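Peer 1: Structure here, sequence nowhere to be found:
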Ligand code: FEO
């Protein structure tokens, strides 16, 4: 059985994962609108992954006898300055999510909730990959800079993400 404190923390994180999906979908829309369909596709896959993160947590809370309370999802911003701005914000957001997961893990440790501790290890590891992917996207986009051919090539490569 999940403690009330742990249950509330998981509910907050479910909302944040869903917000992440919203944010990446908004970024995907922006990229599609500026003609970068590869970036749009990469971000759409990222948005779907965020929903998977949320649903994995949703299932866990129910499995542990907790209640899931779905709160309103904050409206994400809808425009960015350019592709670099989008990528920098993906990285910044992933760093923020890492801090949220670390906080959640900290509460599980405090509460001596070993099952949640074990469950959250997957998220701790996932965040290493999430930050690394965002960092790579950022670096490559900055490297391409104003070179339209390089951006087009990168755009095609990003479209391959499934
Ligand atoms: Fe659910 Fe990208 O962290």
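Peer 2: Perfect, I can see it now. Everything numeric here is computed off the predicted structure, so don't read it as measured data.

Peer 1: wait, isn't residue 13 in contact with residue 107?
Peer 2: No - applying Cβ atoms under 8 Å, one finds residue 13 not in contact with residue 107, separated by 10.2 Å. Every C-beta, even on glycine, is put in place using the N, C-alpha and C of the backbone.

Peer 1: and the gap between whatever residue of the chain ends up closest to the ligand and residue 24?
Peer 2: Here the chain gets closest to the ligand at one residue, residue 53, 3.8 Å apart by Cβ to the nearest ligand atom. Applying Cβ to Cβ, to the nearest Å, the value for residue 53 to residue 24 is 11 Å.

Peer 1: for residue 34, same thing?
Peer 2: 16 Å.

Peer 1: what number of residues lie near residue 139?
Peer 2: 12 (other Cβ atoms under 10 Å).

Peer 1: likewise residue 132?
Peer 2: Neighbours of residue 132 (other Cβ under 10 Å): 12.

Peer 1: the more surrounded of residue 34 and residue 24?
Peer 2: Higher neighbour count among residue 34 and residue 24: residue 24, with 25 against 14, using other Cβ under 10 Å.

Peer 1: That one: which element?
Peer 2: helix 4-33 (DSSP states H and E).
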